[in-house]
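S.K.: Return a 3D structure for these sequence lines:
(one chain, ligands or ions: 1)
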Amino acid sequence: MDTPTVFEQIIAGDIPSHMVYESDTISAFLDANPLAVGHTLVVPHEPYERLTNVPETTRIDLWTTVHELLPAIESAVEADATTVGVNDGNEAGQEVPHVHVHIIPRFEDDNGSPIHAVVNQRPDLDQSELETIAETIRSWPITPV
Ligand code: AMP
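M.R.: Purely as a prediction, here's the structure:
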């Protein structure tokens, strides 16, 4: 058996947390090193490492929970706005190899940045290069919703 992730240990009650929501498949708790008051992590109980590993029913539970919790968190901390994000994979900055969605309350005076700030070197692409990329993505067999 693999060593349980820190989030599995929290969900099992083996590590203390400030839990804000629990269902049969999803838990949400305050981030221990918050970027803002109310910074919350929404986590599937199963330790899927990447978003692509999360099966369909759990995906629905995960993102529905994000949608439901967002206004509750904004209201609780009187936030003006929210940044929602996932560091999906090592190169994206994922530290805990167990899928989690960050809900980060934002405030008018928080001196933060938009999600565009996560990358420093932007590619310089012309229309033809953009279309080639779009065409390649379109060729993937996406399951329609
Ligand atoms: P990421 O870089 O997206 O993998 O983020 C992992 C997050 O988990 C960080 O924001 C950490 O502060 C948070 N974290 C790590 N350990 C704990 C813990 N025991 N309780 C709550 N949050 C944690």
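S.K.: all contacts plus neighbour counts: C-alpha atoms, from now on.
M.R.: Will do.
S.K.: how about the residues of the chain that lie near the ligand?
M.R.: 17, 30-33, 87, 93-96 (C-alpha under 6 Å from any ligand atom).
S.K.: Specify which member of those residues is nearest to D110.
M.R.: In terms of C-alpha to C-alpha, no member of those lies closer to D110 than N33, at 16.2 Å.
S.K.: Could you tell me the backbone phi and psi angles at the closest one?
M.R.: Backbone torsions of N33, given as degrees, to the nearest 10, read phi -130, psi 70.
S.K.: cool, V84 as well?
M.R.: Dihedral angles (degrees, to the nearest 10) for V84: phi -110, psi 130.
S.K.: again, but for P114
M.R.: phi -80, psi 170.
S.K.: Next, the closest residue to it other than its chain neighbours: secondary structure please.
M.R.: Once flanking residues are discounted, P114 sits nearest to T83: 7.8 Å by C-alpha to C-alpha, 6 or more residues apart in numbering. At T83 the chain is in strand, as set by DSSP: H, G, I helix; E, B strand; the rest coil.
S.K.: correct me, but T83 touches I104?
M.R.: Yes. Using C-alpha atoms under 8 Å, T83 makes contact with I104 at a distance of 5.1 Å.
S.K.: Those two: which is more packed in?
M.R.: Comparing T83 with I104 by other C-alpha atoms under 10 Å, the one with more neighbours is I104, at 24 against 14.
S.K.: Wasn't that one part of a helix?
M.R.: No. Counting by three-state DSSP, I104 is not found in a helix; it is strand.
S.K.: Excluding covalently adjacent residues, which one is nearest to it?
M.R.: Going by C-alpha to C-alpha, 6+ apart, I104 has H39 as its nearest residue, at 4.6 Å.
S.K.: ok, that neighbour - how many residues close by?
M.R.: For H39, using other C-alpha under 10 Å, the count is 23.
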